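1. Structure here, sequence nowhere to be found:
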């Protein structure tokens, strides 16, 4: 199958589609890697968490040559894109909601973990467990960064939360009005490609149960990582309800 598919084209198309939801995506990724470097130095072991098709991994390979880079995701289709297009990184399947998923990282501690536009799929309880796992796996002085949608909190600051959601939706609408492909259109195009049928069928099985109690808030994230024992947690950037959350172990 890999010989018949233009994997690079699908990877590039993914990046364009995702930029519709995070217009400064390239700058955001570059900033994340800069923060890693300034807080933890050049990493020996770097994890791209919920990596999808390896967008952060690809940039980390260029930024940190010689670093061991591990991409982790549950999606078999996006992982195949990553394996076909990103040289210099290892990609592993894991369900972040399952106990012991971090065995795919090996036994050694990691220096940095980065994620983007993915962890909002988790339930707040899942996020707490993830923070505890990160506290065990990241070395003292290492860092965790997540660039993602995190609500301000409809029950905590309802008016501010509502405005943030409105601003976010306007950013997305403007991107798509300008012709940027949206999430549903990208996946519909993938589903129309016969070569992807087996991978997408497996994907449907893995994501059949995606229930969660409510959306993650920035307060959930801050409190989860504080409770897990991180030395410092904070937000280094925000646009509407998109936050660049950073935690130092």
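-> Looks like it came in fine. Quick caveat: nothing in here was measured; it's all calculated off a predicted structure. Numbering: from 1, shown residues only.

2. and the gap between residue 223 and residue 50?
-> 20 Å (CB to CB, to the nearest Å). For the C-beta atoms, the positions are set from N, CA and C on the backbone; glycine is no exception.

3. ok, now residue 187?
-> 17 Å.

4. who has more neighbours, these two?
-> With neighbours defined as other CB atoms under 10 Å, residue 187 and residue 50 compare such that residue 50 has more, 25 against 14.

5. Quick check: the gap between the nearest residue to the more buried one once chain neighbours are set aside and residue 71.
-> Once flanking residues are discounted, residue 50 sits nearest to residue 118: 3.4 Å by CB to CB, 6 or more residues apart in numbering. Using CB to CB, we find residue 118 at a distance of 11 Å from residue 71.

6. Compare neighbour counts for those two and give me the winner.
-> The neighbour comparison of residue 118 against residue 71 (other CB under 10 Å) goes to residue 71, with 27 against 20.

7. Quick one: list the elements packing against the host helix or strand of the more buried one.
-> Using DSSP states H and E, residue 71 sits within strand 68-73. In this structure, strand 68-73 packs against strand 45-49, helix 55-63, helix 76-85, strand 90-93, with contacts taken as 3 or more CB pairs under 8 Å, 6 or more residues apart in numbering; DSSP states H and E.

8. from the chain's centre, how far out does that strand sit?
-> Its chain's C-alpha centre and that of strand 68-73 lie 11 Å apart, by CA atoms, centre = their mean, to the nearest Å.

9. In the sheet, which strands lie alongside it, parallel or antiparallel?
-> Strand pairing for strand 68-73, using DSSP bridges, gives strand 45-49 (parallel), strand 90-93 (parallel).

10. Can you give me the buried ones in the shortest one?
-> Pointing back at strand 90-93 there. 90-92 (16 or more other CB atoms under 10 Å).

11. and for it, what are the contacting residues?
-> 51, 54, 57, 68-74, 76, 79, 82-83, 104-105 (CB atoms under 8 Å, 6 or more residues apart in numbering).

12. try 10 Å this time
-> 47-48, 51, 53-54, 57, 68-76, 78-83, 101, 103-106, 206 (CB atoms under 10 Å, 6 or more residues apart in numbering).
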